[in-house]
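Build me a model:
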Amino acid sequence: MRTNPIGVFIALAFIIAVSVLPASVSARSLTSGLSGADVKTLQTQLIAKGYLSASATGYFGPLTLAAVKKFQCDNTIVCSGSSYGIVGPRTQAVLGLTSTGSVGASTAHAPAGVTPGVDPNQQGVITGKSIAPKWTGPLEFSGWMPDWRAQQSVDDVTPHLSQLTSVMPFGYKVNADGLVVGDFFPSQEPWASFIAKAKAAGVRVVPSVVMGDGPTIHAVLSDTQKRIALEDEIAYMVLANGFDGIDIDFEAKQARTRDYFSTFLKGLYARMGNKFVYCTVESRSPLNHRYLPGDTIPPDALDYANDYSAMNKYCDRVELMAYDQGIVDRLLNSARSAPYAPVADPGWTGAMIELAAQSIDKKKIILGVAAYGYEYAVTPKGGGGFDYQVQWAFNPNYATELAKKLGLTPHRTSANEMGFTYYDGQSEDRPTGDETTKTQQTPTSGSTPNLGSQLSGNKPFNYVTWSDALAIKDKIDQAREYGLRGVAVFSLGGAEDPAMWSVLK
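Residues are numbered from 1 along each chain as shown. Predicted structure coming up:
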């Protein structure tokens with residue numbers, strides 16, 4: 001999430017010859033987690049046909065998913081497999097959402113690689129089972145505060161402390177010797193005054209301790225002496241500074257480190273007393289989102305670096321880093337219209353939530369939400385395929401300023417984020433320091449199939465997509481629908497969509 005700085009444009013001097021891509025957007029395939037008028041229309045039809053007893057809210061949650069699946073089974077559309085529960089062209093036609101089975105201006109067809117029938121990849125597929133009921137209390141709202149924008153973070157968050165449950169300032173790191181180092185000094189400004197105000201407002205201060213190199217993490221945690229010393233040091237640091245807890249953000253761990261990391265969490269948890277242990281973890285997708293029917297699943301596909309069951313024992317909060325999707329979800333890549341390389345599609349985050357809830361109590365799960373975006377250079381490959389090359393991450397003001405300079409109006413993408421496309425003339429300016437965004441990892445570059453209904457021709461273009469306030473609201477609605485404990489925003493650095501604060505409630 002946060003190991004490599006990727007900057008953001010601030011001043012842009014564009015001399016661009018722009019040819020805007022077609023603005024028409026075809027009807028999208030609908031999956032769990034999406035929201036919008038088309039979802040509300042779907043729900044209205046399901047209600048009219050007796051499959052849905054809830055109201056038409058416009059959010060595609062578990063109740064809507066159950067209704068869609070029953071409708072698909074009853075009408076012999078599909079009753080298992082990767083396309084089960086996806087409202088694609090055929091389901092839309094049978095429901096009467098389209099008159100001829102066509103989707104917008106494009107010819108209806110099954111998503112590439114997705115066919116009705118039994119999915120051979122049953123291992124690791126979502127079962128819908130959860131070890132605990134929904135959390136029914138109020139959502140907890142929290143966010144990470146970047147040390148590389150310390151003053152901006154403090155200025156951004158202070159007026160909104162009443163909306164937050166906790167904040168996670170960055171600055172602490174673990175070095176190769178297993179020692180905590182960093183640039184977070186809670187007794188110095190701007191942090192000292194901010195921490196005092198946060199405590200007065202009843203907001204937990206839970207700083208993050210970061211490690212981001214797999215081999216180094218393994219070397220430290222597999223060394224019993226270093227591991228115990230690290231547990232002691234972190235616990236002492238929390239107590240000595242009067243923090244409310246600690247956020248453990250060890251990323252890029254290797255599968256061989258899983259048991260050592262669990263042992264570390266167990267030792268730390270025992271030392272923390274009544275202090276909170278937050279655990280920030282990378283996203284984990286079900287196998288049927290990673291491999292399509294007919295794919296050969298490698299033997300190590302389930303060799304995860306995080307033991308969710310152990311985290312459920314030794315973490316008071318488990319923060320799922322549900323962003324930086326890019327093109328990693330093969331199921332949704334085939335079902336969504338191009339261009340499609342989202343920061344976080346609700347259909348993808350929903351799959352991660354359902355998988356995590358099989359092992360982690362929902363009252364501990366925090367859904368991590370992005371407040372930034374990515375720009376890609378995209379090359380059509382023919383046959384519905386596109387090659388996406390990540391250019392950089394950016395904060396939303398870059399995208400809105402770029403659209404203004406290009407004379408473009410951003411639109412909602414098939415992942416319900418904001419986005420736009422443009423041809424050629426890319427500025428020679430590159431993202432620079434002051435507006436830096438640090439991300440989990442650079443989203444995957446490479447080729448993937450999409451429906452391609454928004455595009456014509458084979459000319460390369462740039463694609464800009466980002467998580468705005470409405471995309472963040474999607475995730476908040478999703479957290480409520482699934483009964484999670486809360487939502488955490490990355491990051492509260494003053495560069496997010498300012499309308500975000502109006503939806504954090």
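
in this protein, which helix or strand is least confident?
strand 4-8 (a mean of 37; mean pLDDT, DSSP states H and E).

Heading C-terminal from it, find the next helix or strand.
helix 37-48 (DSSP states H and E).

which strands and helices sit next to that next one?
Judged by 3 or more CB pairs under 8 Å, 6 or more residues apart in numbering; DSSP states H and E, helix 37-48 is in contact with helix 62-74, helix 89-95. C-beta here means a position set from N, CA and C on the backbone, and glycine is covered the same way.

Of those, which is nearest residue 419?
The closest of those to residue 419 is helix 89-95. By CB to CB, the value is 22.6 Å.

after that closest one, next one along is what?
Following helix 89-95 toward the C-terminus (DSSP H and E): strand 140-145.

Can I get that next one in CSV, CA atoms only?
Extracted C-alpha coordinates of strand 140-145, given in CSV (Å, rounded to 0.1, in the frame of the first residue of the first chain):
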residue,chain,number,x,y,z
GLU,A,140,-16.0,3.2,12.5
PHE,A,141,-14.3,5.7,10.2
SER,A,142,-10.5,6.0,10.2
GLY,A,143,-7.6,6.7,7.8
TRP,A,144,-3.9,6.8,7.4
MET,A,145,-2.1,10.1,7.8
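
what's the offset of the following helix or strand past that strand from the middle of its chain?
Per DSSP H and E, strand 140-145 leads on to helix 150-157 as the next helix or strand towards the C-terminus. Relative to its chain's centre, helix 150-157 lies at 23 Å (CA atoms, centre = their mean, to the nearest Å).

in helix 150-157, what counts as buried?
The neighbour-count criterion (16 or more other CB atoms under 10 Å) identifies 150, 152, 153, 154, 156, 157 as the buried residues of helix 150-157.

now stretch 489-505
So for stretch 489-505, counting by 16+ other CB under 10 Å, buried means 489-497, 500-501, 503-504.

how close does the closest residue to residue 175 other than its chain neighbours sit to residue 172?
Leaving aside its chain neighbours, residue 175 sits nearest to residue 181 (5.3 Å; criterion: CB to CB, 6 or more residues apart in numbering). Relative to residue 172, residue 181 is positioned 7 Å away (CB to CB, to the nearest Å).

These two: who's more crowded?
residue 172 (21 against 11; other CB atoms under 10 Å).

Now do that one, the pLDDT please.
Looking at residue 172, its pLDDT is 97.

Backbone dihedrals for it, please?
phi -90, psi 140 (degrees, to the nearest 10).

residues in contact with it?
Listed by CB atoms under 8 Å, 6 or more residues apart in numbering, the contact partners of residue 172 are 180, 181, 182, 184, 207, 208, 209, 210, 237.

please redo it, this time with the cut-off set to 10 Å
147, 180-184, 207-211, 234, 237, 246-247, 249 (CB atoms under 10 Å, 6 or more residues apart in numbering).

Low-confidence regions, the stretch 1-150 of the chain specifically.
1-27, 81-82, 98-131 (pLDDT under 70).

gap between the closest residue to residue 165 other than its chain neighbours and residue 284?
Distances taken as CB to CB, 6+ apart put residue 140 closest to residue 165, at 3.9 Å, once the chain neighbours are dropped. Separation of residue 140 from residue 284 (CB to CB): 22 Å.

ok, the buried residues of helix 150-157 vs residue 193, which is closest?
Nearest to residue 193 among the buried residues of helix 150-157, with distances taken as CB to CB, is residue 154, at 7.9 Å.

contacting residues around the closest one?
With CB under 10 Å, 6+ apart, residue 154 has these contacts: 145, 167, 169, 189-191, 193-195, 197-198, 492-494.

Now do it, the pLDDT please.
pLDDT, residue 154: 98.

What about the buried residues of stretch 489-505, which are in helices?
Here DSSP state H is the test, and the buried residues of stretch 489-505 give 500, 501, 503 as lying in helices.

Would you mind giving these as JSON lines with pLDDT and distance to residue 241 added?
Formatted as JSON lines, those follow (pLDDT from 0 to 100; distance: CB to CB, whole Å):
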{"residue": "500", "pLDDT": "98", "distance to residue 241": "29"}
{"residue": "501", "pLDDT": "98", "distance to residue 241": "28"}
{"residue": "503", "pLDDT": "97", "distance to residue 241": "32"}
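
how about JSON lines for those residues, with distance to residue 163 added?
As requested, those are exported to JSON lines (distance: CB to CB, whole Å):
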{"residue": "500", "distance to residue 163": "10"}
{"residue": "501", "distance to residue 163": "7"}
{"residue": "503", "distance to residue 163": "10"}
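
Tell me where the stretch 251-400 of the chain has helices.
Using DSSP state H, counting those that start in this stretch, the helices assigned to the stretch 251-400 of the chain run over residues 258-271, 287-290, 308-314, 330-335, 346-356, 396-406.

Nearest to residue 446, out of those?
Of the helices of the stretch 251-400 of the chain, nearest to residue 446 by CB to CB is helix 330-335, at 10.4 Å.

distance between the closest one and the chain's centre?
Centroid separation between helix 330-335 and its chain, computed with CA atoms, centre = their mean, is 16 Å.

do stretch 212-219 as well
24 Å.

Repeat that for stretch 258-271.
Counting by CA atoms, centre = their mean, stretch 258-271 comes out at 26 Å from the chain centroid.

now swap in stretch 181-190 and tell me
Using CA atoms, centre = their mean, the offset of stretch 181-190 from its chain centre is 29 Å.

for residue 199, what are its contacts?
161, 205, 242, 244.

Now, of those residues, which are buried?
Using 16+ other CB under 10 Å, the buried members of the contacts of residue 199 are 161, 205, 244.

The first one contacts residue 203, doesn't it?
Yes - distance between residue 161 and residue 203: 5.3 Å, which falls inside the contact criterion (CB atoms under 10 Å).

Check the burial of the nearest residue to residue 34 once chain neighbours are set aside by counting its neighbours.
Leaving aside its sequence neighbours, residue 34 sits nearest to residue 60 (CB to CB, 6+ apart; 4.7 Å). Using other CB under 10 Å, residue 60 has 30 neighbouring residues.

So which elements touch the strand or helix carrying residue 167?
Of the helices and strands defined by DSSP H and E, residue 167 is found in strand 166-169. Strand 166-169 makes packing contacts with strand 140-145, helix 150-157, helix 191-200, strand 204-205, strand 245-250, strand 276-282, strand 486-490 when contacts are defined by 3 or more CB pairs under 10 Å, 6 or more residues apart in numbering; DSSP states H and E.

can we see that at 8 Å?
strand 140-145, strand 204-205, strand 276-282.

How far does the longest one sit from its chain's centre?
Meaning strand 276-282. Distance, centroid of strand 276-282 to centroid of chain: 15 Å (CA atoms, centre = their mean).

what's the angle from that strand to helix 258-271?
Between strand 276-282 and helix 258-271, the angle comes out at 160 degrees (axes from the mean of the first three to the mean of the last three CA atoms, to 10 degrees).

what pairs with strand 276-282, and is each one parallel or antiparallel?
Strand 276-282 pairs in its sheet with strand 245-250 (parallel), strand 317-321 (parallel), by DSSP bridges.

domain parsing for the protein?
Using automatic domain parsing, the domains assigned to the chain come out as 4-15+129-503, 37-95.
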